[in-house]
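*Asks:* A predicted structure for the sequence below; I have some questions about it.
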Amino acid sequence: MARLAVILLIAGCAQLSPQQCPCPPPKPASERAQYIEWSFAALPGWQRLALEPSLRAFMAGCARAAGPLINACAVAPTVAPGDEAAARQFFEHAFTAYALVSSETGDTGTVTGYYEPIIRGSRMPSALNRFPIYGVPDDLVVVDLSAVAPETRNVRLRGRLDGRRLVPYYSRAEIDARSDALRAPVIGWTADAVELFFMQIQGSGQLELENGERLRLAFADQNGHPYRSVGRYLVERGELTLDQASMQGIKAWGIANPQKLQDALAANPSYVFFRESADPRGPIGALGVPLVPEYSIAVDRRYTPLGAPVFLATTYPLSDEPLVRIVAAHDTGGAIRGVVRADFFWGTGEQAGSVAGRMRQPGRMWLLWPRGEPLPRQD
């Protein structure tokens with residue numbers, strides 16, 4: 001009976017994985033991964049690749065290293081800064097490369113981009129700054145099922161209590177409609193609902209106040225609803241063509257169609273709540289360490305363990321120019337679902353956003369996994 005109750009509860013609520021835009025689908029995907037052993041020499045452009053920056057990115061995640069990665073993290077600091085030959089030797093000796101192959105998409109998937117936006121606003125509401133940036137609501141209930149059903153160890157349900165019943169938390173449209181009735185602290189206010197929406201999609205950002213001071217806003221929690229693509233919504237309704245459905249294209253459409261904007265944003269019921277962060281090092285990913293611009297990626301942790309190095313072969317946005325390097329799996333995301341799927345972190349600010357918003361490229365991925373260790377178990 002207890003197990004049946006768990007199954008029914010899972011069916012009625014969305015799952016959550018911790019990150020910048022963190023909301024898995026309500027039931028496990030049937031997609032499976034193959035890990036095919038690969039020689040380093042056969043990796044695209046391996047002999048010409050600069051690896052020392054990749055080593056430093058990998059080491060940035062070692063503060064939270066666990067399990068099979070611990071030994072590699074212990075060896076990494078012995079490589080002298082700037083020593084390319086030693087960095088190459090480290091990766092080749094400490095890891096085995098495995099091509100990631102999906103049962104659904106083969107060896108090729110999608111690589112998108114994300115960044116840390118900076119939006120303007122204020123601590124207090126005004127005629128200009130009227131859209132609230134919420135902290136975690138007091139009535140948001142988090143349920144960890146792992147103690148009841150170990151197979152759900154990555155499942156956390158979000159909801160609220162209605163009497164003695166746990167029901168789904170408010171959707172984006174409901175949160176916007178409740179306004180003052182929402183039991184959530186307000187961190188700040190901004191004038192642009194679309195910029196706030198995209199900060200939620202990115203999972204972190206900075207709020208620039210009138211005096212020039214900036215508040216770093218980190219992901220704190222999420223309402224438990226699944227992520228839905230607003231770009232896809234607009235394409236399906238003939239508002240945008242597929243090649244226009246970038247972040248920049250959606251923002252331009254919102255300016256031209258203010259009367260339709262609220263319905264479009266509500267098409268994504270997922271809503272992210274923030275917390276203030278005093279960490280000066282930058283946005284923090286799901287691994288709990290600062291993201292490294294152009295060397296951190298978000299992955300689907302069911303197939304790629306957090307902290308692991310990944311050889312990524314894709315292209316720059318709207319280009320055939322190769323983008324090939326070893327990156328580190330430091331983050332996850334609600335839209336990052338699949339074996340061969342990555343979100344490439346470009347950095348902070350407008351220039352990073354310009355590149356990230358246009359990135360949707362085909363790509364291939366190789367997991368670098370410590371030699372002699374069992375391959376990751378798929379949940």
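*Replies:* Alright, I've got the coordinates.
*Asks:* going by C-alpha atoms from here, please, whenever you check contacts or count neighbours.
*Replies:* Will do.
*Asks:* could you list the low-pLDDT ranges of the stretch 101-250 of the chain?
*Replies:* By pLDDT under 70, the low-scoring segments of the stretch 101-250 of the chain are 146-147, 149-155.
*Asks:* so which residues of it form helices?
*Replies:* Under the criterion DSSP state H, counting those that start in this stretch, helices of the stretch 101-250 of the chain are mapped to 172-178, 193-202, 230-236, 247-256.
*Asks:* mind putting these in TSV, distance to Leu375 included?
*Replies:* Shown next, in TSV, are those (distance: least, C-alpha to C-alpha, whole Å):
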stretch	distance to Leu375
helix 172-178	39
helix 193-202	30
helix 230-236	35
helix 247-256	36
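*Asks:* which of these is buried the deepest?
*Replies:* Comparing those by mean neighbour count (mean count of other C-alpha atoms under 10 Å), helix 193-202 comes out on top with a mean of 20.
*Asks:* got a list of contacts for it?
*Replies:* With contacts defined as C-alpha atoms under 8 Å, 6 or more residues apart in numbering, helix 193-202 is touched by 20-21, 114-117, 119, 131, 133, 190, 205, 251, 254, 265, 271-273.
*Asks:* geometric centre of this protein: which residue is closest?
*Replies:* Gly333 (2.8 Å; C-alpha atoms, centre = their mean).
*Asks:* for it, phi and psi?
*Replies:* When read as degrees, to the nearest 10, the backbone of Gly333 gives phi -160, psi 150.
*Asks:* what's the spacing between it and Gly203?
*Replies:* 8 Å (C-alpha to C-alpha, to the nearest Å).
*Asks:* in the stretch 251-379 of the chain, which spans are strands?
*Replies:* In the stretch 251-379 of the chain, the segments counted as strands under DSSP state E, counting those that start in this stretch are 272-277, 296-298, 309-315, 322-331, 341-348, 360-370.
*Asks:* bridging residues for Arg325?
*Replies:* Note on Arg325: beta-bridge partners by DSSP bridges are Leu312.
*Asks:* just checking, it touches Glu52?
*Replies:* No - counting by C-alpha atoms under 8 Å, Arg325 does not reach Glu52; the two are 10.6 Å apart.
*Asks:* one step back: so which of the helices of the stretch 101-250 of the chain gets nearest Cys73?
*Replies:* Cys73 lies closest, by C-alpha to C-alpha, to one member of those: helix 193-202, at 28.4 Å.
*Asks:* now the angle from the closest one to helix 247-256?
*Replies:* For helix 193-202 against helix 247-256, the angle by axes from the mean of the first three to the mean of the last three C-alpha atoms, to 10 degrees is 150 degrees.
*Asks:* ok, which of the strands of the stretch 251-379 of the chain comes nearest Gln222?
*Replies:* Per C-alpha to C-alpha, nearest to Gln222 of the strands of the stretch 251-379 of the chain: strand 272-277, 4.5 Å.
*Asks:* pull up the pairing partners for that closest one, direction included.
*Replies:* The strands beside strand 272-277 in its sheet (DSSP bridges) come out as strand 214-222 (antiparallel).
*Asks:* can I get the strand it pairs with in PDB, CA atoms only?
*Replies:* Output of strand 214-222 as PDB, limited to C-alpha atoms (Å, rounded to 0.1, in the frame of the first residue of the first chain):
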ATOM      1  CA  ARG A 214      24.700  44.400  -7.900                       C
ATOM      2  CA  LEU A 215      23.000  41.600  -6.000                       C
ATOM      3  CA  ARG A 216      23.900  38.100  -7.100                       C
ATOM      4  CA  LEU A 217      20.800  35.900  -7.300                       C
ATOM      5  CA  ALA A 218      21.300  32.100  -7.100                       C
ATOM      6  CA  PHE A 219      18.800  29.300  -7.700                       C
ATOM      7  CA  ALA A 220      17.000  28.400  -4.500                       C
ATOM      8  CA  ASP A 221      14.100  26.200  -5.500                       C
ATOM      9  CA  GLN A 222      11.400  25.600  -8.100                       C
END
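*Asks:* how about the strands in the stretch 101-250 of the chain?
*Replies:* 109-116, 118-122, 131-134, 141-144, 156-162, 165-168, 186-190, 205-208, 214-222.
*Asks:* so can I have JSON lines of those showing distance to Leu291 and mean neighbour count?
*Replies:* Formatted as JSON lines, these follow (distance: least, C-alpha to C-alpha, whole Å; neighbours: other C-alpha atoms under 10 Å):
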{"stretch": "strand 109-116", "distance to Leu291": "10", "mean neighbour count": "25"}
{"stretch": "strand 118-122", "distance to Leu291": "16", "mean neighbour count": "22"}
{"stretch": "strand 131-134", "distance to Leu291": "23", "mean neighbour count": "22"}
{"stretch": "strand 141-144", "distance to Leu291": "26", "mean neighbour count": "15"}
{"stretch": "strand 156-162", "distance to Leu291": "24", "mean neighbour count": "19"}
{"stretch": "strand 165-168", "distance to Leu291": "31", "mean neighbour count": "16"}
{"stretch": "strand 186-190", "distance to Leu291": "23", "mean neighbour count": "22"}
{"stretch": "strand 205-208", "distance to Leu291": "12", "mean neighbour count": "24"}
{"stretch": "strand 214-222", "distance to Leu291": "12", "mean neighbour count": "24"}
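*Asks:* just send these back as CSV, with distance to Ala87 too.
*Replies:* Converted to CSV, these look like this (distance: least, C-alpha to C-alpha, whole Å):
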stretch, distance to Ala87
strand 109-116, 26
strand 118-122, 35
strand 131-134, 43
strand 141-144, 40
strand 156-162, 38
strand 165-168, 48
strand 186-190, 43
strand 205-208, 32
strand 214-222, 32
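*Asks:* mean neighbour count, the strands of the stretch 251-379 of the chain: which tops it?
*Replies:* The highest average neighbour count among the strands of the stretch 251-379 of the chain, using mean count of other C-alpha under 10 Å, belongs to strand 296-298 at a mean of 31.
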